[in-house]
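Participant: here is my input; please provide its structure:
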Amino acid sequence: MRDDIPELQSRIYSGDTQAFKELYDCFCAPLFQLALAIVHSREMAEEIVADVFIAVWRKKKSLHQVSNLKWYLYAATRNIALNYLRKYTSKKTLHLDEASLPEYEINPEAQLISNEMMRHINMAISELPPQCRLIFKLVKEDELKYREVAVLLNISIKTVENQVGIALKKLTKMRAFLTTPLPGDQ
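Facilitator: Numbers count the residues shown, from 1 in each chain. So this is what the prediction gives:
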């Protein structure tokens, strides 16, 4: 994630289309994953993300009132996704246990890890329960604060803490397994 979001926000407020493109490039993928986890439809998730960015551009003159643009984007995505669910499906509520995410992608720093280890890590993450996987992704990859994830998903901060703990414990076990030398490897 970028550290210059407030600067982009200011440039977008001034009508800078390049800054808007940079914001889109930075947040399109994580917002798409959040929308997809809620609506379970690739096409609908793409529409939701497009709607979020269209709304940001249309309301660019009121961006100076937004204190945390990153949080605003996630909240807008959640709200629009829930509106799509109400409008286009007969399902009244979304249970996080039913949410699924596409294959977890590791950030660029982790590219130093071997492909085999990456495969094992991705497998361990994909085996997490859906709610745990979603919370882990929002906290560790998208860098949202526990409080922000709790509000975004309408759960307690303690639940967020517990789910991240479960995910880290499972990944720590996987790491210990992968780094234990096999007999005869010394």
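
Participant: C-alpha only now, for contacts and for neighbours.
Facilitator: Will do.

Participant: helices of this protein, residue ranges please.
Facilitator: Shown for the chain, the helices assigned by DSSP state H span residues 5-13, 17-39, 42-58, 69-88, 115-126, 130-136, 146-153, 157-179.

Participant: most packed of the ones you listed?
Facilitator: helix 130-136 (a mean of 23; mean count of other CA atoms under 10 Å).

Participant: with adjacent residues omitted, what lies nearest to residue 8?
Facilitator: Leaving out its chain neighbours, the residue that sits closest to residue 8 by CA to CA, 6 or more residues apart in numbering is residue 19, at 5.4 Å.

Participant: pretty sure that neighbour contacts residue 13?
Facilitator: No - the pair residue 19 / residue 13 is not scored as a contact, 9.5 Å apart, by CA atoms under 8 Å.

Participant: rewinding a little: how close does the residue nearest to residue 8 sit to residue 60?
Facilitator: Applying CA to CA, to the nearest Å, the value for residue 19 to residue 60 is 12 Å.

Participant: touching both of these two, which residues are there?
Facilitator: Jointly contacting residue 19 and residue 60 under the rule CA atoms under 8 Å, 6 or more residues apart in numbering are residue 12.

Participant: for residue 141, give its distance to residue 30.
Facilitator: Here residue 141 is placed at a distance of 9 Å from residue 30 (CA to CA).

Participant: before we move on, what about residue 73?
Facilitator: Look at residue 73 and residue 30: by CA to CA, they are 10 Å apart.

Participant: ditto for residue 161
Facilitator: With CA to CA as the criterion, residue 161 and residue 30 are 21 Å apart.

Participant: what ranges of the protein fall below the confidence cut-off?
Facilitator: Applying pLDDT under 70 to the chain flags the ranges 1-2, 89-121, 174-186.

Participant: hmm, 80 instead?
Facilitator: 1-3, 88-126, 141, 171-186 (pLDDT under 80).

Participant: check the gap between residue 81 and residue 75 for me.
Facilitator: In terms of CA to CA, residue 81 sits 10 Å off from residue 75.

Participant: oh, that last question was meant for residue 125, not what I typed.
Facilitator: 24 Å.
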